[in-house]
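Undergrad: Dropping a prediction and its sequence here:
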2 protein chains.
Amino acid sequence: MPDSTATATRRDELLAIAARLFAEKGFKNTTVRDIADAAGILSGSLYHHFDSKESMVDEILSTFQTELFAAYDDVLASDADARTKIERAVRLSFAAIDRHPDEVAIFQNEADYLGTFPRFAYLAERNAQSRNVWMTLLTEGVETGALRADLDVTLTYRFVRDTVWVAVRWYRPGGGLSHEAIAAQYLTILLDGISHA
Amino acid sequence: MPDSTATATRRDELLAIAARLFAEKGFKNTTVRDIADAAGILSGSLYHHFDSKESMVDEILSTFQTELFAAYDDVLASDADARTKIERAVRLSFAAIDRHPDEVAIFQNEADYLGTFPRFAYLAERNAQSRNVWMTLLTEGVETGALRADLDVTLTYRFVRDTVWVAVRWYRPGGGLSHEAIAAQYLTILLDGISHA
DNA sequence: CACCCAACCAAGCAATTGCTTGGTAATGTA
DNA sequence: TACATTACCAAGCAATTGCTTGGTTGGGTG
């Protein structure tokens, strides 16, 4: 029996190495020789596993997005109240940063640029999908009275989206602060503000 | 008398063009030919005005940082109360995004990478300086009772810093929302939260 | 009129880039 | 033993990159 696990494992190893470098230095700024060096092989050998450097990023991003949006759909489909769903969506985002920091960083840093190529058109679609999720949750929150009535929902959406994901810039898995603790603190600030009650 | 104004003007034009491209596509991803094309000249002609592509970013970033931190120092030195100073610092940041969107974007996107080169060591220093400003303001806010006593000041600093600057990703000067309006909305969320009172 | 100089062109070079080609070593499988 | 497959190497090519060099132009200045 051919060990398809070992095959997939080596590929996944290389993908993980590439993801780390793309996240650290940027996609364009990472050469195939950088990736190969980090993996202990020659650059040409990468092309035994992948078609192109572009297809590496493509696979990294699309795999991650699929997983992430499945989780969002779960929250949307649940029958909890608006506030609970918002809290779950926030916590789930910080958990994603914890589990896939490189993927989140790549998406944050490169999506705008990569999105200009037809191949990465799905990035814009996912972005619209994410917007729908948050706008739905926030609108429901205002309508049910869980959130302030005078909220600019669009602006709040941007605020929440940006603040949650930008944490990938400083959060390091295994550091002093767990992603759950950060999510909790963030939710406190978001929901109740930093001002003295 | 040689017209030193015209000289400086052409240089500034070229710098502005480079800044726009660096902000749009990234530093590494923008070629000197891109810049020259956008300016209507040949790539080699850029080297009549600048030493290198690197020195262009350098000048763009250092000029902006000098202006920005002068404004922060103003706020810090004022004798207003903590909450007023925080509000002024926030408003001033959104004003900076309004006046220098390209420079802010470049700093946000490239500072981490450029900071690894000795030439751009000042970026890390400025970063530390910015941290000092915010930590001072927030700590003073907690001590004077303007802010909640249970705040994680370091975490709050990161949230404030990130949220303010990340707005450069979607804010467009001259759009429907003024930077003052955005700052006001943001301050409402930050200080009082989005939850129903 | 002779000259100056800022701004630019034309041409190209050396380094780096993504990627290709033909081959090899190791580990299985029939 | 013959064959297949996976993972890799060695060498190099074509395109792109930042930058250099020597020369030209055109609006001023003395």
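TA: Nice, I can see it.

Undergrad: Nearest to DNA strand C: which residue in chain A?
TA: Closest to DNA strand C within chain A is residue A:44: 2.5 Å, counting by CB to the nearest atom of the strand. Any C-beta I mention is one placed from the backbone N, CA and C, and that applies to glycine too.

Undergrad: Chain neighbours aside, what residue packs nearest to that residue?
TA: residue A:36 (8.0 Å; CB to CB, 6 or more residues apart in numbering or on different chains).

Undergrad: quick one: contacts of the top helix by length along chain A?
TA: Selection of the longest helix in chain A by residue count, based on DSSP state H, yields helix A:53-77. The contact list for helix A:53-77 (CB atoms under 8 Å, 6 or more residues apart in numbering or on different chains) reads A:14-15, A:18-19, A:22, A:27, A:32, A:35, A:50, A:85, A:88-89, A:92, A:96, A:100, A:102-104, A:106-107, A:110-111, A:114, A:119-120, A:122-123, A:126, A:129-130, A:133, A:136-137.

Undergrad: Please determine whether that helix lies in contact with DNA strand C.
TA: Yes. Legend: contact between helix A:53-77 and DNA strand C by CB under 7 Å from any atom of the strand is shown at A:53, A:54.

Undergrad: Look up how far residue B:160 lies from residue A:161.
TA: 16 Å (CB to CB, to the nearest Å).

Undergrad: With neighbour numbers in mind, choose between the two.
TA: residue B:160 (22 against 19; other CB atoms under 10 Å in any protein chain shown).

Undergrad: Assess the claim that that one and residue B:190 are in contact.
TA: Yes. Using CB atoms under 8 Å, residue B:160 makes contact with residue B:190 at a distance of 6.9 Å.

Undergrad: Please identify every residue contacting each of those two.
TA: In the contact map built from CB under 8 Å, 6+ apart, the residues linked to both residue B:160 and residue B:190 are residue B:90.

Undergrad: report the angle between the axes of the helix or strand bottoming out on mean pLDDT in chain A and helix A:53-77?
TA: Lowest by mean pLDDT, DSSP states H and E among the helices and strands of chain A is helix A:4-25, with a mean of 82. Helix A:4-25 and helix A:53-77 are oriented at 90 degrees to each other (axes from the mean of the first three to the mean of the last three CA atoms, to 10 degrees).

Undergrad: Give me the buried positions along helix A:4-25.
TA: If you call a residue buried by 16 or more other CB atoms under 10 Å in any protein chain shown, then helix A:4-25 has these buried ones: A:14, A:15, A:17, A:18, A:19, A:20, A:21, A:22, A:23, A:24, A:25.

Undergrad: Could you measure from the third one over to DNA strand D?
TA: Read that as residue A:17. 11 Å (CB to the nearest atom of the strand, to the nearest Å).

Undergrad: Cheers, nothing more for now.
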